[in-house]
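**Q** got a predicted structure plus its sequence, pasted below:
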Amino acid sequence: MSCWMPGCPALSMCRGLAALPITCLERAKDLKTRLGILLHKPEPGHKSGSSSKLQLGSRRRNSSQEVLEWRESFDQLLKSKSGVNAFHTFLKTEFSEENLDFWLACEDFKKTRSKTKLASKANRIFEEFVQNEAPREV
């Protein structure tokens, strides 16, 4: 059904939405996005490993206590694999997931002990995130 057809139920809904202040619509979209992160379903082609699933109800799924801890401490979120996955999913909606990926790459770099691996990781971080016109420049 299209909104331009007389008597269309979608037409009255569209008119109703148009009457709302833009701030209400923006707030509703923002809430939908934020809540949707916790109910995230993997995208087609996305790794379906157990650590990347963010559905409610199983042992591997987020407990409400864990989610509340994320609200209290960003460090708690970053310590949790499901928290990092949820945050990454949110950042995708903001078109800024490269910021978290850069931070994770730097954290991995800090844990590296091999000098040869340090050099290659530093080079990859620089080329991917730091250099001018990098593919995922931060």
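**A** Okay, I see it.
**Q** chain neighbours aside, what residue packs nearest to Leu78?
**A** Using C-beta to C-beta, 6 or more residues apart in numbering and skipping residues adjacent in sequence, the residue nearest Leu78 is Val84, 6.2 Å away. Quick note: C-beta positions are derived from backbone N, CA and C, even for glycine.
**Q** what does Cys106 give?
**A** Excluding the flanking residues, the one nearest Cys106 by C-beta to C-beta, 6+ apart is Ile125, at 6.7 Å.
**Q** so where's this protein shaky on pLDDT?
**A** By pLDDT under 70, the low-scoring segments of the chain are 1-25, 27-62.
**Q** kindly recompute the last result at 90.
**A** 1-77, 80, 82 (pLDDT under 90).
**Q** can you give me the distance of Phe102 to Leu68?
**A** The gap separating Phe102 from Leu68 is 27 Å, by C-beta to C-beta, to the nearest Å.
**Q** ok, the two, which is more surrounded?
**A** Neighbour count, other C-beta atoms under 10 Å: between Phe102 and Leu68, Phe102 has more, with 18 against 10.
**Q** check contacts around the more buried one.
**A** Contact partners of Phe102, counting by C-beta atoms under 8 Å, 6 or more residues apart in numbering, are 125, 129, 136, 138.
**Q** including secondary structure and neighbour count, could those residues go into JSON lines?
**A** Formatted as JSON lines, the contacts of Phe102 follow (DSSP: H, G, I helix; E, B strand; the rest coil; neighbours: other C-beta atoms under 10 Å):
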{"residue": "Ile125", "secondary structure": "helix", "neighbour count": "19"}
{"residue": "Phe129", "secondary structure": "helix", "neighbour count": "19"}
{"residue": "Arg136", "secondary structure": "coil", "neighbour count": "14"}
{"residue": "Val138", "secondary structure": "coil", "neighbour count": "14"}
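**Q** from those residues, pick the one nearest Leu77.
**A** Val138 (19.3 Å; C-beta to C-beta).
**Q** hang on, that closest one packs against Asn99?
**A** Yes - with contact defined as C-beta atoms under 8 Å, Val138 counts as touching Asn99 (5.7 Å).
**Q** mind listing what's buried in stretch 118-132?
**A** By neighbour count with 16 or more other C-beta atoms under 10 Å, stretch 118-132 contains the buried residues 121, 125, 128-129.
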